[in-house]
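A.B. asks: Fold the following for me, if possible:
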Amino acid sequence: MKHPKFVILQLCLFIFFLSNTPKLISQEFNTQWTANWSHDGKYIAVGGVDKFIKIFDGTTFQLIKKINVGDEIYRLRWHPQKNILAVAAWGQGSRLIDLEKNQTILFKGLDNIGGRSIAWHKK
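C.D. replies: Down below sits the predicted model:
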């Protein structure tokens, strides 16, 4: 497990990288509500009002994948042991995304208007 100060330093460097790349920010980053690092440090997920989840390499900070959710994204949380991303989004956008298997599971029938939180159970 990475030392917390190291993780904070990496996140600060990532934010610095984004803030010093005006073209990337203007084209790819509107208001971003959430960012989360995967348990193994392999990925960083970012999401917000542009309705896209951006998956970055956790080491190089290069954009790996963009996923169109179709709704504004409020929170992203990685599974504590797997590269599965839980997504809280407006309307019908809430879902689980398994990056290793390239699968998506939608939360059907969930009234998520105003839902701004998502978490994993510890067990």
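A.B. asks: Around the closest residue to Asp71 other than its chain neighbours, count how many other residues there are.
C.D. replies: Distances taken as CB to CB, 6 or more residues apart in numbering put Gly93 closest to Asp71, at 3.0 Å, once the chain neighbours are dropped. Where you see a C-beta, it was placed from the backbone N, CA and C, and this is true even at glycine. By other CB atoms under 10 Å, 23 other residues sit near Gly93.
A.B. asks: my guess is Gly93 contacts Asn68, does it?
C.D. replies: No - using CB atoms under 8 Å, Gly93 makes no contact with Asn68, being 9.7 Å away.
A.B. asks: Touching both of these two, which residues are there?
C.D. replies: Overlap of the contact sets of Gly93 and Asn68 (by CB atoms under 8 Å, 6 or more residues apart in numbering) consists of Lys51.
A.B. asks: Next, Gln81: phi, psi?
C.D. replies: phi -130, psi -10 (degrees, to the nearest 10).
A.B. asks: so it makes contact with His39?
C.D. replies: Yes - proximity of Gln81 to His39 meets the contact threshold set by CB under 8 Å, at 6.1 Å.
A.B. asks: Those two: which is more packed in?
C.D. replies: Remark: of Gln81 and His39, His39 carries more neighbours, 14 against 9, as counted by other CB under 10 Å.
A.B. asks: Relative to Gln92, how far out is that one?
C.D. replies: Distance, His39 to Gln92, by CB to CB, to the nearest Å: 27 Å.
A.B. asks: One more: Ile105?
C.D. replies: For Ile105, the distance to Gln92 - CB to CB - is 13 Å.
A.B. asks: Between those two, tell me which one has more neighbours.
C.D. replies: Using other CB under 10 Å as the criterion, Ile105 and Gln92 rank with Gln92 on top: 16 against 11.
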